[in-house]
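Participant: Here's my sequence, what's the structure:
(2 chains)
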Amino acid sequence: MSYTLRGRLETRLIAAVLPFLVAAVLSPLLHKWWPLELVGLMVGIGLVLDIAAYHRLLPYQPGWAALPLGLLELGLTMGAARLLELNAPLAPALSLFAGAWLVQQLLAHAALPLVRLTWVEDGGELGRQGFALAAAAPAVLLLVLGTAWAVEPPTVRLAAGVHEGPLVLDHAQTVIGEPGAVVRGGILITADDVTVRDVTVRGGEYGVEIDGAESVALEDVVVEGAELDGINVRRGQVEIRDCTIRSLPAAFTQGIDISFGFDLAPSLVERCTVTGGLEGIVTHFARVMVRDNRVTGTELRAITMTEMSMGTIEDNDVDGALGVGIFCGDYSHCEIEDNVVADVAPDRASGDRTRQGVAIQAHFGAEAELHGNEISRSPGGIAAFVDATIEHRR
Amino acid sequence: MTGRVAIVGSGLGGLVAYATLRHAGVGGRSLEPAEIAVFGTDSDPAGAWRPRAAAIRQQLMRSESDGHCWPTSFPGLAAREAARRRDLAPLVLSVCDRYRPTVADFLRHVDELRGRTRWDESFHAARIRRVQAVDGGFELDGYGVFAHVLLATGHPGLARPDELAGDSRVVHAYEPHQYAGSVAVVGAGMAAATEWLNALAAGAEVVSVRRREPARRPLNVARPLFSKRGLVGFHAASAPERVQLLRRFGEPSYPPGASWDAPIERAVRESRFRVEPELNGSEQVICATGFRRGFEHDPLLARLAADHGLDTQERWIVLAPDSTVPALTDSSRTLSLAGVAGQWAYPAGDTLVGMKYAARRFRGRVGSCRTR
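Facilitator: Numbering: from 1, shown residues only, chains lettered A, B, ... in the order given. Just a heads-up that it's a prediction; the model follows:
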């Protein structure tokens, strides 16, 4: 097939209509933007390649070339998705890409030559109908984005200064704090699709409490001086990024506690800094990814995944914990990778042999899979207790 | 006879045009057999092609999956063979541009298409010798006036070098023949290459008589020239440039590949194959020199050009990019040339894809004509 430039672009855009529609259905179903963003990225990269490379380099494109070109576009799309932090899960993203690629092949090799007899001879152009059909893809995208914009949760801006709490968020919304915005007395979130960004929370039993809400996002939230937990999640699903939890005053306070949401979509704690408290980040009966956080100065354990939780603890920096650094307990399944654990001190006062400076511990039937962790100055090293197993993966 | 649409020529080009007119397509309407008249001397669309292929013992087509007579490109011969054999191999070969349908499969599909389109209902056994433009159409040699006429008259006879006239040793490659003990094959194109292998396989000593080395390429014409990508530049070229391009495309060539080279290399080692610039004393001379070239060798086209003072360039009648004769085509009537005579619009006009190019544009004009 020898495409003209117009033929390439029309074919690309027509083939994008169905993937856009699929993404438009998937996005609201999943409460995620990544399907639309991924298809947009895929089409955008394809169009750039069409104009900048394919048209000049491929005056004739044999059928087999669709495969290497598809792999090239896949690599670029996934790379760009990672760079732009689309947070698209790998397997569904690959499936969406593969489906879109297949649609494109079926259109180019079967459907379009059937619809228009001269399609091949015209270099992939569809004549006057081509403009309308090719415009359908951007039209669908605009329609979807317009609809999304129309139903987008309202954005509330918190002015600089102290706002008396507790602040109750019981419907979908985005709360963005201006520099210096502080909520005193905590935030309670009970509705799905709530985002809180750039806000400092002081005091309160819980700094931020999420109760029965899904698709909640906390970004650049600072919690200071919470009485029980910095962030407490019950039966909820949350993505917490770039948070800071500090000045936890009492002996029983925890940095982040995500519990009892095993049946919900996985939660995420990423790039947070937790200082002090009884436990830094803890999960009970939940599926959570704990990634790239820094946890220091905890009194019981730095990172805990317990009570039949399941998840990944990776790339975290644990320092100065008392007793235990990373803990996988009570029939949980934990992948513990590439963490740096240092200076876990023995808890001699406890008299508990499981708390004698153990950097990574599996306990009571838990199964931990380890890879690439760096451990230093932690006399208990890596240990399993009470029918727990540790597997070292190469 | 009355009618709106006529096809002059009942060969493969005629069948392609007929099938295209009979195809409804998306949102279109097909023409019924009664609305189309096909004029020719043989009701078998493969009647001229079949004995030529048999004469050179051709087993595989040079064309690929798209080299068929159906009106739509998809499904092509590869997809149909894959479905019939429940085997993906033809499709894999096709996407790698390595699929070659067999002659038997090709002829089978011609027969099938002939029946399915009810070709015989439109066929009229008549040799049209003159096409005369009249008000509202074209008068076909006493057979009536038709608003839209497509001429698919095919190649104007076999080419034989003048210096071999009267030589009893001479046979044309496209005529039935056997092989003598020593054979000279004149020419260097696809038919010549096929004859080298045929004669070698028959145990003959072969002399390839050629004045220049053949090009080695899969198809006669570069692939981009099969579509708008290359055609835009071709159509924009000046008349002398276009003549040069068409001359170049007409130079002898045959496909690359070990299946061609290995038997010849083996025969060279055995001193059974050599190349000579002139004829020698071989027992048999096979003229693999193809067809006579130029509209002036086709009595119908020559008369058409002369009667209407058509614009010509060397051996080609000048055509519009849609393969119509500009001076004789307007909103109420169409005269199209398909096949080798359509090369001015489509360099690969003498291929099945080229025949479809002309046929599809002819169909478009018929469909959009107010008087239809």
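Participant: Mind pulling up the pLDDT for A:Leu133?
Facilitator: According to the prediction, A:Leu133 has pLDDT 76.
Participant: Name the nearest residue to it, ignoring sequence neighbours.
Facilitator: Leaving out its chain neighbours, the residue that sits closest to A:Leu133 by Cβ to Cβ, 6 or more residues apart in numbering or on different chains is A:Ile14, at 4.9 Å. Using the backbone N, CA and C atoms, a C-beta is placed for each residue, glycine as well.
Participant: residues in contact with the one you found?
Facilitator: A:Leu107, A:Leu112, A:Leu126, A:Gly130, A:Leu133, A:Ala134, A:Ala136, A:Ala137 (Cβ atoms under 8 Å, 6 or more residues apart in numbering or on different chains).
Participant: Can you tell me the SS state at it?
Facilitator: The three-state label given to A:Ile14 by DSSP: H, G, I helix; E, B strand; the rest coil is helix.
Participant: Equivalent analysis for the one 5 residues further on, please.
Facilitator: Per three-state DSSP, the secondary structure class of A:Pro19 is helix.
Participant: Counting neighbours, what do you get for it?
Facilitator: 25 (other Cβ atoms under 10 Å in any protein chain shown).
Participant: pLDDT score assigned to it?
Facilitator: In this model, A:Pro19 carries a pLDDT of 91.
Participant: Can you name the residue of chain B that approaches chain A most closely?
Facilitator: B:Val95 (3.1 Å; Cβ to the nearest Cβ).
Participant: How about the residues of the stretch 101-250 of chain B by chain A?
Facilitator: B:Ala222, B:Arg223, B:Pro224, B:Phe226, B:Ser227, B:Lys228, B:Arg229, B:Gly230, B:Leu231, B:Val232 (Cβ under 8 Å from any Cβ of the partner chain).
Participant: just the buried members of those?
Facilitator: B:Ala222, B:Arg223, B:Pro224, B:Phe226, B:Ser227, B:Lys228, B:Arg229, B:Gly230, B:Leu231 (16 or more other Cβ atoms under 10 Å in any protein chain shown).
Participant: For the fifth one, give me its contacts.
Facilitator: Going by Cβ under 8 Å, 6+ apart, B:Ser227 touches A:Met1, A:Ser2, A:Tyr3, A:Thr4, A:Val120, A:Glu121, A:Asp122, A:Gly123.
Participant: rerun that using 10 Å as the cut-off
Facilitator: Residues near B:Ser227 by Cβ atoms under 10 Å, 6 or more residues apart in numbering or on different chains: A:1-4, A:7, A:60, A:118-125, B:353, B:357.
Participant: Likewise for A:Pro266?
Facilitator: A:Pro89, A:Gln237, A:Glu239, A:Ile258, A:Ala286, A:Arg287, A:Val288, A:Met289, A:Met310, A:Gly311, A:Thr312.
Participant: and what of B:Arg129?
Facilitator: Contacts of B:Arg129 (Cβ under 10 Å, 6+ apart): B:Leu140, B:Asp141, B:Gly142, B:Pro299, B:Leu300, B:Arg303.
Participant: In helices, which of the contacts of A:Ile14 appear?
Facilitator: Using DSSP state H, the subset of the contacts of A:Ile14 located in helices is A:Leu112, A:Gly130, A:Leu133, A:Ala134, A:Ala136, A:Ala137.
Participant: For the first one, grab the count of nearby residues.
Facilitator: Think A:Leu112. 23.
Participant: Now it. Nearest residue, chain neighbours left out?
Facilitator: Per Cβ to Cβ, 6+ apart, closest to A:Leu112 is A:Trp119, 4.8 Å.
Participant: isn't that neighbour right next to A:Thr4, touching?
Facilitator: No - using Cβ atoms under 10 Å, A:Trp119 is not in contact with A:Thr4, being 11.4 Å away.
Participant: any common contacting residues for those two?
Facilitator: A:Glu10, A:Glu125, B:Ser227.
Participant: Go through those residues and name the one nearest B:Val171.
Facilitator: B:Ser227 (38.4 Å; Cβ to Cβ).
Participant: and the closest residue to chain B within chain A, what does it touch?
Facilitator: The nearest approach of chain A to chain B comes at A:Gly63, 3.1 Å away (Cβ to the nearest Cβ). Contact analysis of A:Gly63 by Cβ under 10 Å, 6+ apart lists A:1, A:105, A:108-109, B:65, B:78, B:91-92, B:94-97, B:99.
Participant: want to try a markdown table for those residues, with distance to A:Glu152 as columns?
Facilitator: Compiled in a markdown table, those are given as follows (distance: Cβ to Cβ, whole Å):
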| residue | distance to A:Glu152 |
| --- | --- |
| A:Met1 | 42 |
| A:Gln105 | 35 |
| A:Ala108 | 36 |
| A:His109 | 39 |
| B:Ser65 | 50 |
| B:Ala78 | 50 |
| B:Leu91 | 46 |
| B:Val92 | 48 |
| B:Ser94 | 48 |
| B:Val95 | 44 |
| B:Cys96 | 49 |
| B:Asp97 | 50 |
| B:Tyr99 | 52 |
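Participant: residue ranges with poor pLDDT in the chain?
Facilitator: Defaulting to chain A. Across chain A, the ranges flagged by pLDDT under 70 are A:148, A:151, A:250.
Participant: um, chain B though
Facilitator: In chain B, residues with pLDDT under 70: B:1-3, B:25-28, B:369-372.
Participant: Check for me that A:Glu209 belongs to a strand.
Facilitator: Yes - applying three-state DSSP, one finds A:Glu209 inside a strand.
Participant: close enough to count as contact, A:Pro249 and A:Gly277?
Facilitator: Yes - here A:Pro249 reaches A:Gly277: they are 9.0 Å apart, a contact under Cβ under 10 Å.
Participant: For the two, indicate the residue with more neighbours.
Facilitator: A:Gly277 (30 against 12).
Participant: Tell me how many other residues surround the residue nearest to that one when sequence neighbours are not counted.
Facilitator: Leaving aside its chain neighbours, A:Gly277 sits nearest to A:Leu248 (3.7 Å; criterion: Cβ to Cβ, 6+ apart). Residues near A:Leu248, counting by other Cβ under 10 Å, number 29.
Participant: thinking again about what came up before, among the contacts of B:Ser227, which lie within strands?
Facilitator: Judged by DSSP state E, strands contain none of these.
Participant: what's the closest of these to B:Gly309?
Facilitator: When the contacts of B:Ser227 are compared against B:Gly309 (criterion: Cβ to Cβ), the nearest one is B:Tyr357, at 26.2 Å.
Participant: Spatially nearest residue to the closest one (excluding sequence neighbours)?
Facilitator: According to Cβ to Cβ, 6+ apart, the nearest residue to B:Tyr357 is B:Tyr346 (4.6 Å).
Participant: so what's the one you found up against?
Facilitator: Counting by Cβ under 10 Å, 6+ apart, B:Tyr346 has contacts A:121, B:221, B:225-226, B:231, B:234-235, B:319, B:321-323, B:337-339, B:353-358, B:361.
Participant: if you set the cut-off to 8 Å instead, what comes out?
Facilitator: Contacts of B:Tyr346 (Cβ under 8 Å, 6+ apart): B:Leu231, B:Ser323, B:Gly354, B:Tyr357, B:Ala358.
Participant: Also A:Val288?
Facilitator: A:Ile258, A:Pro266, A:Ser267, A:Leu268, A:Val269, A:Met305, A:Ser309, A:Gly311.
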